[in-house]
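Chemist: have a look; sequence and predicted model below, questions after that.
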Amino acid sequence: MIDILVYLFENYLPDACPEPEVLARKLSAAGFGSDDISAALSWLDGLAGNEARRCDSPALAGSIRIYDEEEQERLPVACRGFIAFLEQHGDVDVPLREAIIERALALPDAEISLDRLKVIVLAVIWRYRHEVDALILEELLAEDGEEEDSGSGEGVTRILLN
């Protein structure tokens with residue numbers, strides 16, 4: 001599913017992304033499997049629901065995020081640190097941070113790798129049309145290392161600067 005998110009980020013502007021039925025056909029034609037397409041469309045649907053909540057959510061500047069036990073297990077220290085880094089540098093606000101965390105936890109993975117989290121951050125900022133500093137965007141696009149296949153049938157996702 002992550003590879004579909006990367007494909008969407010590389011090929012569509014947020015407001016130019018086709019409707020789900022058309023998108024499913026295009027993704028199928030691009031060679032993605034039906035299970036991955038269904039999972040990605042469901043994930044994107046959840047992201048759209050977050051957009052409405054984000055608009056209604058008050059921004060609590062300076063708030064400290066306390067992760068519960070499940071969140072700590074699924075989001076390792078590197079991921080939590082990266083989210084804190086983005087927030088401290090003003091690249092994400094509180095509602096956007098919460099949308100990123102919620103969408104990361106919506107993945108079926110037992111533990112979310114930093115590479116996958118970066119794809120999620122890209123998808124969320126892409127969907128919300130949120131501007132980020134060029135250096136932060138470069139960090140999001142940079143490959144940190146090889147990510148092992150989680151066994152969920154998804155291939156290794158690599159994001160490289162062109």
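Modeler: Happy to help now that I have it. What you are looking at is a predicted structure, and each value in this text was computed from that prediction instead of being measured.

Chemist: my read: residue 24 touches residue 37, true?
Modeler: Yes - look at residue 24 against residue 37 with Cβ atoms under 8 Å: they come within range, at 5.3 Å. Bear in mind the C-beta positions are built from the backbone N, C-alpha and C, glycine included.

Chemist: give the contact list for the residue positioned nearest the centre of the chain.
Modeler: Centrality entry for the chain: nearest residue to the mean C-alpha point is residue 120, 1.1 Å, by Cα atoms, centre = their mean. Residues near residue 120 by Cβ atoms under 8 Å, 6 or more residues apart in numbering: 5, 100, 103, 104, 107, 112.

Chemist: pLDDT below threshold where in the protein?
Modeler: For the chain, the stretches with pLDDT under 70 are 14, 49-62, 143-162.

Chemist: mind listing the helices for it?
Modeler: Secondary structure of the chain (DSSP state H): helices located at 2-11, 20-29, 34-56, 69-74, 77-88, 94-105, 114-128, 134-141.

Chemist: which ones are touching the nearest residue to residue 37 once chain neighbours are set aside?
Modeler: Once flanking residues are discounted, residue 37 sits nearest to residue 27: 4.8 Å by Cβ to Cβ, 6 or more residues apart in numbering. Contact analysis of residue 27 by Cβ under 8 Å, 6+ apart lists 4, 7, 37, 40.

Chemist: in TSV: those residues, plus neighbour count and distance to residue 131.
Modeler: Below are the contacts of residue 27 laid out as TSV (neighbours: other Cβ atoms under 10 Å; distance: Cβ to Cβ, whole Å):
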residue	neighbour count	distance to residue 131
4	23	24
7	16	22
37	20	29
40	23	24
